[in-house]
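A.B. asks: I would like the atomic coordinates for the input below:
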Amino acid sequence: MSRLSKVTLSAASMLMGALLLIPRLAAAETLVLGNEGVYPPFSVVASDGELTGFEPALAREMCKRMEVECEFVVMDFKALVPSILQGKFNILASQLSPTPERLEKLTYSTPIVYNPTTFVVRKGSDLTFTPEGLAGKNLKLGLQRGAASIPYVEKNFEGLFSPVLYDNPDQMRLDLLAGRIDLVFDSKINWTLELINKPDGKDYLLAGGDHWIGDPSIPENKRGYSWAVRKGDEAIVERMNVALAAIIEDCTYTKIRKEYLDITILAAEAACVDASN
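C.D. replies: Got it, this is the predicted structure:
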């Protein structure tokens with residue numbers, strides 16, 4: 001081999017070695033988010049198949065600020081907690097009440113909405129929501145499968161209702177309007193907007209007061225429903241919380257919320273609401 005060939009080969013080897021030392025551009029980080037997609041105005045799958053609503057819009061803004069790519073998977077609410085525990089997605093991005101049982105397995109983000117649970121009944125039902133007032137009535141109560149409202153009712157209204165379980169609120173609403181169930185126990189904001197405030201809801205009202213179905217040890221001023229990750233993924237939650245705090249503080253949260261709801265849904269957005277008035 002000639003001297004020139006050796007020099008050329010040596011130079012090529014040095015260049016290859018230098019290239020190996022240059023850090024490769026990391027592929028964009030992708031997180032998969034789970035959502036139920038049938039909980040208007042918080043989430044709904046549009047006719048074109050796109051997941052829309054307040055929570056997907058807020059999640060997309062959070063992902064942008066976390067500098068990650070986000071993909072959504074949609075499934076029945078009852079499947080969300082088992083699926084995230086099985087590692088099928090990274091973030092459960094559908095408002096979740098922090099019950100003691102869930103807190104053992106999941107780490108929650110900062111609250112993204114306060115949405116208490118209440119009863120929806122037909123006007124004229126004249127119900128008193130006490131053991132004495134409900135005893136012997138054998139009322140059929142609509143509840144959503146997988147929701148924390150089920151153990152709450154079992155504990156606080158034991159034996160006073162005949163539970164009827166549904167996969168989503170749309171099914172519950174149809175059966176309530178058809179008279180197949182007597183009342184439902186579900187999220188106040190959703191039922192106010194999707195039934196009470198609409199023509200179909202003229203014969204219905206909210207009753208029994210607001211119920212907090214999360215961990216009762218959580219102070220009132222810290223209560224709210226959040227998104228969650230598996231235990232061990234706290235690093236993701238920390239990044240989520242930084243992004244969500246910034247979104248709330250700079251009023252982007254309120255701007256997004258106003259696209260879907262005309263009522264305040266989080267105490268932390270009060271300053272932004274006052275500033276816009």
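A.B. asks: quick one: strands adjacent to the longest strand along the chain?
C.D. replies: Scanning the chain for the strand with the most residues, using DSSP state E, yields strand 204-211. Paired strands of strand 204-211, with direction, are strand 117-122 (antiparallel) (DSSP bridges).
A.B. asks: still on that earlier bit, how far out from the middle of the chain is the longest strand of the chain?
C.D. replies: Put simply, strand 204-211 sits 22 Å off its chain's centre (CA atoms, centre = their mean, to the nearest Å).
A.B. asks: which residues are contacting it?
C.D. replies: For strand 204-211, the surrounding residues in contact (CB atoms under 8 Å, 6 or more residues apart in numbering) are 116-123, 125, 127, 129, 152, 176, 183, 185, 188, 191-192, 195-196. Glycine gets a C-beta too; all of them are placed from N, C-alpha and C.
A.B. asks: show me where the stretch 1-150 of the chain has helices.
C.D. replies: Counting by DSSP state H, counting those that start in this stretch, one finds helices in the stretch 1-150 of the chain at the ranges 3-21, 54-66, 77-85, 100-103, 131-134, 149-156.
A.B. asks: averaging pLDDT over each of those helices, which comes out lowest?
C.D. replies: Out of those, helix 3-21 stands lowest, with a mean of 43 (criterion: mean pLDDT).
A.B. asks: for G209, see how far away E238 is.
C.D. replies: Per CB to CB, to the nearest Å, E238 is found 36 Å from G209.
A.B. asks: care to break this structure down by domain?
C.D. replies: As given by automatic domain parsing, the domain ranges for the chain are 30-114+224-276, 121-211.
A.B. asks: in space, what's closest to I263 - neighbours in sequence excluded?
C.D. replies: What sits nearest to I263 in space, not counting adjacent residues and going by CB to CB, 6 or more residues apart in numbering, is I189, at 7.3 Å.
A.B. asks: part of a helix, is that neighbour?
C.D. replies: Yes: according to DSSP: H, G, I helix; E, B strand; the rest coil, I189 belongs to a helix.
A.B. asks: from L80, how far off is it?
C.D. replies: As judged by CB to CB, I189 and L80 stand 19 Å apart.
A.B. asks: more neighbours: the two, which one.
C.D. replies: Between I189 and L80, L80 has the larger neighbour count (other CB atoms under 10 Å), namely 23 against 18.
A.B. asks: and whatever helix or strand comes next after the longest strand of the chain, what's its mean pLDDT?
C.D. replies: The C-terminal neighbour of strand 204-211 among helices and strands, as given by DSSP states H and E, is strand 226-230. What strand 226-230 shows for mean pLDDT is 98.
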